[in-house]
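*Asks:* The sequence isn't on hand, but the structure is:
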């Protein structure tokens with residue numbers, strides 16, 4: 001099984017994170033599963049908390065979804081807490097596409113009745129809250145607490161021993177404890193880099209025996225399960241009715257004249 005893990009980080013701007021991410025994904029994958037990590041190479045990769053920058057990066061993400069399918073990958077894992085382009089990717093691809101935020105939320109709901117989120121800063125807060133509402137999780141998420149990491153690439157330094165690491169881990173622990181105090185039974189670090197940082201540090205629970213979910217690990221497991229279901233269900237993982245419907249065969253030639261080689265698996269009727 002081959003999984004394409006799509007990050008929204010530029011590899012050379014996040015060297016410590018990239019190395020740690022590979023280690024975490026390797027631990028999460030089953031024997032025989034190959035997980036290949038791809039970042040942002042063309043434009044951006046350091047500030048996706050801003051909507052304009054996320055939009056720019058999502059164009060490359062969607063191009064990579066098409067590339068992954070063309071190169072024979074079995075699924076795409078979108079490893080960013082905003083789930084950039086998730087619904088568009090599901091519409092365009094015939095292989096399963098799973099997202100970090102959606103997967104983390106759904107997995108946490110199997111681990112506990114109530115969920116707490118720890119976001120990186122005020123800007124990330126509203127973006128994550130939008131996904132919570134989109135996925136119908138507003139009654140399950142009982143607390144959202146903030147750290148104070150306004151420059152996201154500062155998280156890369158936290159993978160090395162020192163004051164930055166101590167400060168960021170301290171902020172997470174304080175925010176996680178506040179989530180538990182408000183009733184959370186599971187805590188999700190709602191930023192992918194922080195998820196990996198905590199997993200590398202061996203932090204999988206907070207106060208009162210409350211689990212701290214590592215989203216990338218859950219994402220790999222969800223991706224593997226999706227591939228297996230896709231095969232068992234005859235290649236029908238995503239619904240083609242409604243939200244993820246593709247253009248009908250009778251329209252595809254016209255659409256390709258204006259948009260290029262879109263929806264390559266749709267045959268003209």
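*Replies:* Yep, it's here. Keep in mind the model is a prediction, meaning the values are calculated, not measured. Numbers count the residues shown, from 1 in each chain.

*Asks:* What is the neighbour count of the closest residue to residue 154 other than its chain neighbours?
*Replies:* Residue nearest to residue 154 in three dimensions, not counting chain neighbours: residue 164, with 6.4 Å by C-beta to C-beta, 6 or more residues apart in numbering. For glycine as for every other residue, the C-beta is placed from the backbone atoms N, C-alpha and C. Residues near residue 164, counting by other C-beta atoms under 10 Å, number 16.

*Asks:* so is residue 164 in a helix, a strand, or just coil?
*Replies:* Three-state call for residue 164 (DSSP: H, G, I helix; E, B strand; the rest coil): helix.

*Asks:* Surely it touches residue 151?
*Replies:* No - applying C-beta atoms under 8 Å as the test, residue 164 and residue 151 come out as separate, 10.9 Å apart.

*Asks:* what sits in contact with each of the two?
*Replies:* Listed as contacting both residue 164 and residue 151 by C-beta atoms under 8 Å, 6 or more residues apart in numbering is no residue at all.

*Asks:* residues contacting the residue nearest the centre of the chain?
*Replies:* Centroid-nearest residue in the chain: residue 100, 2.4 Å away (criterion: C-alpha atoms, centre = their mean). Listed by C-beta under 8 Å, 6+ apart, the contact set of residue 100 reads 77-81, 83, 192, 215-216, 219.

*Asks:* What of residue 216?
*Replies:* By C-beta under 8 Å, 6+ apart, the residues touching residue 216 are 5, 21, 24-25, 28, 79, 100, 192, 195-196, 199.

*Asks:* 6 Å instead?
*Replies:* 24, 195 (C-beta atoms under 6 Å, 6 or more residues apart in numbering).

*Asks:* Which positions within the helix or strand containing it qualify as buried?
*Replies:* Using DSSP states H and E, residue 216 sits within helix 215-232. Neighbour counts over helix 215-232 (16 or more other C-beta atoms under 10 Å) mark 215-224, 226-227, 230 as buried.

*Asks:* Show me how far it is from its chain's centre.
*Replies:* 13 Å (C-alpha atoms, centre = their mean, to the nearest Å).

*Asks:* and the following helix or strand past it, what does it pack onto?
*Replies:* Of the helices and strands lying after helix 215-232 in sequence (DSSP H and E), the nearest is helix 252-259. On a contact count with 3 or more C-beta pairs under 6 Å, 6 or more residues apart in numbering; DSSP states H and E, helix 252-259 meets no helix or strand.

*Asks:* Quick one: mean pLDDT over helix 252-259.
*Replies:* For helix 252-259, mean pLDDT is 95.

*Asks:* Would you indicate which residues of it are buried?
*Replies:* Neighbour-count burial for helix 252-259 [16+ other C-beta under 10 Å]: 252, 256.

*Asks:* Can you tell me the closest non-neighbouring residue to residue 68?
*Replies:* Using C-beta to C-beta, 6+ apart, the closest residue to residue 68 is residue 4 (3.8 Å).
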